[in-house]
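Colleague: return a 3D structure for these sequence lines:
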Amino acid sequence: MTTSPKFVGRFLRSFGAVAVCLTVMCAWCESARAQGTPPPPPVIVATPLPKHIIQWDEYTGRFEAVQRVEVRPRVTGFIAQIHFTDGATVKQGDPLFTIDKRPYDIALQSARADVIRTQAEVVRSSADYARAQVLVKTATATVRDLDQRHADFDIARAQEMSAEAALHNAELNMEWTDVVAPISGRTSNHKVDVGNLVSGSGDPTLLTTIVSLDPIYFVFDAAEADYIRYVRLSQEGKRQSSRYAPNPVQVRLADESAWTHNGRMNFVDNEVNSRSGTIRGRAVFDNKDLFFIPGTFGRMRLFGGYDDVLLVPDASIVSDQAQKIVFTVDADNKVVPKPVTLGDLAFGLRAVTGGLAATDRVIIGGLANPFVRPGAEVQPQPGEVKAMEEEADATPPIVVPPPVAAEKPAAPVH
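Modeller: Numbers count the residues shown, from 1 in each chain. Prediction:
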């Protein structure tokens, strides 16, 4: 079994902090025994570490296919052949099913014969009309006869056009007996077997489904409050709108701890759902290895702009019912609790986005002492909040859009 240098470094830092706390506590106990009255308990204090970090907002969602098609027949007939394996990857235009062609071949031959017959009728009526024009000039035929020949020619021409339309329809029906893949993707199983009668009208029979896999969408719902915050950031020029800029996103699956899959935003819905108070968003991911499939659950984080925060150790934060508190020491060395608003972890520390000042002396050691409570006097010992630079970002680097110049969009954006 081997131990990584990072683990050894963490262990040594933790051991050193514990040793410092124990040394301070022992000195306090010795002083208490010597004086007979307990002096103020010792604590380790430090000012929070200011940092300029990237803000990420996390959401839950699922992958969806960019295209999903239900393959149904366009003509009625018996299934003669199935050309694909269930679950196979197909390309657009690949054959999937063949419907019995014989009835449609007969109809096609009949349509071709009708076209030939009507064409001959057009030739005959045209000749009759030409002769009638000559006879009218010599008074051998009447104008009424000429009009009748002209009407016969128009009828023959209309019958020819109708026959040609019927021929095109027969050709289409013949073509549709070969059911091909309308898109590239992966097929489901075949829903009918060879020999089954399928319908192409009314409620067409479902033959199979195809979903595209590369690229693939990730769909999620964001709270209305997040949407409003993004609007204001865009109007202030601190973050580009996801409607117009491919803001970066990262996804991790249920069995992953690192954000290893990189994508980009490509759609924001046009309204907030009045029932759920959320708005639908969508990101797109490359899926060359076809690892993602539609319906897969994932956790996504979206670039939410840049933020100036104060970092403190996660262990220095205390929970008080529904709020989080940080203990600080004032000028009189008394403990003052401060409710804070927390952000994400960064550089191995917890980001504080509100409720704390950069000059506050935060208690980062000695909180386990029962005498360290609000209003109690303590003996502050200087400490330091250190960032773990090597843990700044364990995920692959991605391109983050830079802040844009402040501008007021024509319409609210996300």
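Colleague: burial count for Asp147?
Modeller: 13 (other Cβ atoms under 10 Å). Backbone N, C-alpha and C define where each C-beta goes, glycine included.
Colleague: for it, helix, strand, or coil?
Modeller: helix (DSSP: H, G, I helix; E, B strand; the rest coil).
Colleague: with the one 10 residues further on instead?
Modeller: Three-state call for Arg157 (three-state DSSP): helix.
Colleague: got the contact list for it?
Modeller: Val122, Ser125 (Cβ atoms under 8 Å, 6 or more residues apart in numbering).
Colleague: distance of it from His150?
Modeller: The gap separating Arg157 from His150 is 11 Å, by Cβ to Cβ, to the nearest Å.
Colleague: same check, this time on Asn287
Modeller: Distance, Asn287 to His150, by Cβ to Cβ: 66 Å.
Colleague: domain map for this protein?
Modeller: The chain resolves into domains spanning 1-39, 58-67+219-305, 75-211 when parsed by automatic domain parsing.
Colleague: select, out of those domains, the one closest to Thr328.
Modeller: Distance to Thr328, taken as Cβ to Cβ, is lowest for domain 1-39 among these, at 18.1 Å.
Colleague: quick one: average pLDDT of the closest one?
Modeller: Across domain 1-39, the average pLDDT comes to 54.
Colleague: next one: stretch 180-189 to chain centre, how far?
Modeller: With Cα atoms, centre = their mean, to the nearest Å as the basis, stretch 180-189 stands 22 Å off its chain's centre.
Colleague: quick one: low-confidence ranges for the protein?
Modeller: Scanning the chain for pLDDT under 70 picks out 1-37, 136, 139, 141, 389-414.
Colleague: biggest helix in it by residues?
Modeller: Longest helix in the chain, counting residues (DSSP state H): helix 102-137.
Colleague: so which elements touch that one?
Modeller: The contact analysis (3 or more Cβ pairs under 8 Å, 6 or more residues apart in numbering; DSSP states H and E) places helix 102-137 against helix 143-176.
Colleague: how distant is the next helix or strand after the helix it packs on from the center of its chain?
Modeller: Tracing the chain C-terminally past helix 143-176 and defining elements by DSSP states H and E, one meets strand 178-180 next. The chain centre lies 32 Å from the centre of strand 178-180; the measure is Cα atoms, centre = their mean.
Colleague: repeat for stretch 231-250
Modeller: For stretch 231-250, the distance to the chain centre is 16 Å (Cα atoms, centre = their mean).
Colleague: that stretch: which residues count as buried?
Modeller: For stretch 231-250, burial by neighbour count (16 or more other Cβ atoms under 10 Å) applies to 231, 233-235, 238-243, 245, 247-250.
Colleague: how about stretch 310-326?
Modeller: Buried residues in stretch 310-326 (16+ other Cβ under 10 Å): Leu310, Leu311, Val312, Pro313, Ser316, Ile317, Lys324, Ile325, Val326.
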